[in-house]
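> Sequence below, structure please.
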Amino acid sequence: MIEAQSLTKRYGAKTAVDSIDFTVRPGRVTGFLGPNGAGKSTTMRMIVGLDRPSGGVVRVNGKAYVRHHAPLRQVGALLDAKAVHPGRSARHHLLAVAATHRIGAKRVDEVIGLTGLEPVAGRRVGGFSLGMGQRLGLAVALLGDPATLILDEPVNGLDPDGVVWLRGLVRRLAVEGRTVFLSSHLMSEMAQTADHVIILGRGRVVADAPMSEIVAGAEGDSVQVRSPQAEHLTPLLEAEGATVSRAEADLISVTGLAAARIAEVAAGARVVVHELTPLTRSLEDAYMALTRDEVEYRTMQTSPEVDR
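Here you go, the predicted structure:
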């Protein structure tokens, strides 16, 4: 379990993490989301003792990370997969890390097999692809068979098969009763992996709830309707209590009315409909709504006329 209470980190006049409280519980996968600059990486670094909090506390399995006598057996962390001597082979790197906690070679071979590193275990890490480097980082995180895993962007560089493999791995670890805390910019992947979500915005917690509640809190389901008579259909749907917005001359978005009822209204008025597509809410919809005002680095969109 990971417990943060009033956790704060300041860099001079800038507050990167602003007195946040959260609990990451065992037996489920907890996703950690937020825009760039929201404080996610800083929070993860404070959990594993790489950054000292300016205020508040964070405990892992009941105590500060630095107070664990054998932290690798308590917490497995993947924060920077590149932090490896490039001249060592994958196996020698794992053996060196294992030696710091008196972990035997048998466990090294187990995590090599678990992470799919057998074909490259004897190769120098300097020649690894980004995906293989991530697998090695995961192998290090799993080396001590820890109760808690903290993974920062673990799917970075993995191919589609690797992403599916990692999804199954973290869910299996959670089923075993472990605490799994991971961040990712891939909303579709997080939606399939996480049971619970914590979202940061400008260093503050803006959401902390089960995945189902986060998604349910997004804007309502809508139906995309394409019709050459969209202008005639719009007031008929509004009379039924729907909210209608026009995307194109023949395309409208309808909320507050089921697709079946839209079809009935159109048929009753003899309105031709070429498309009727229900659009369900997603984690991305919820995330964008929750962080709309929390983005520190916003892309400016300008027209060609302005550019000139």
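
> any low-confidence regions in the stretch 101-250 of the chain?
Low-confidence segments of the stretch 101-250 of the chain, defined by pLDDT under 70: 218-220.

> what about stretch 131-150, how long is it end to end?
Its first and final residues considered, stretch 131-150 spans 18 Å by C-alpha to C-alpha, to the nearest Å.

> Could I get the buried residue list for that stretch?
131-144, 146-150 (16 or more other C-beta atoms under 10 Å). From N, CA and C alone the C-beta is placed, and that goes for glycine too.

> for the protein, what spans make up the strands?
2-11, 14-24, 28-33, 55-60, 75-78, 148-152, 179-183, 196-201, 204-210, 222-226, 243-248, 251-255, 275-279 (DSSP state E).

> Which residues does the fifth one contact?
Same thing as strand 75-78. 44, 47-48, 60-61, 65, 68, 134, 137-138, 140-144, 146-152, 154 (C-beta atoms under 8 Å, 6 or more residues apart in numbering).

> swap in stretch 152-172?
By C-beta under 8 Å, 6+ apart, stretch 152-172 touches 29, 40-41, 44, 78-81, 114, 116, 129-131, 133-135, 137-138, 149, 151, 180, 182-186, 189, 192-193.

> show me where the protein has helices.
With DSSP state H, the ranges of helices along the chain come out as 40-47, 71-74, 90-99, 105-114, 130-142, 160-175, 187-193, 211-216, 230-239, 259-268, 283-291, 304-307.

> I'd like those helices as a markdown table, with distance to Ser222 appended.
Output for those, formatted as a markdown table (distance: least, C-beta to C-beta, whole Å):
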| stretch | distance to Ser222 |
| --- | --- |
| helix 40-47 | 30 |
| helix 71-74 | 46 |
| helix 90-99 | 49 |
| helix 105-114 | 43 |
| helix 130-142 | 37 |
| helix 160-175 | 28 |
| helix 187-193 | 18 |
| helix 211-216 | 14 |
| helix 230-239 | 12 |
| helix 259-268 | 10 |
| helix 283-291 | 10 |
| helix 304-307 | 31 |
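
> which residues does the most centrally placed residue in the chain contact?
In the chain, the centroid-proximal residue (C-alpha atoms, centre = their mean) is Ser184; its distance is 3.3 Å. By C-beta under 8 Å, 6+ apart, the residues touching Ser184 are Gly31, Leu33, Glu153, Pro154, Val155, Met190, Thr193.

> Neighbours of Val273, how many?
17 (other C-beta atoms under 10 Å).

> Right, I'll call it a day here.
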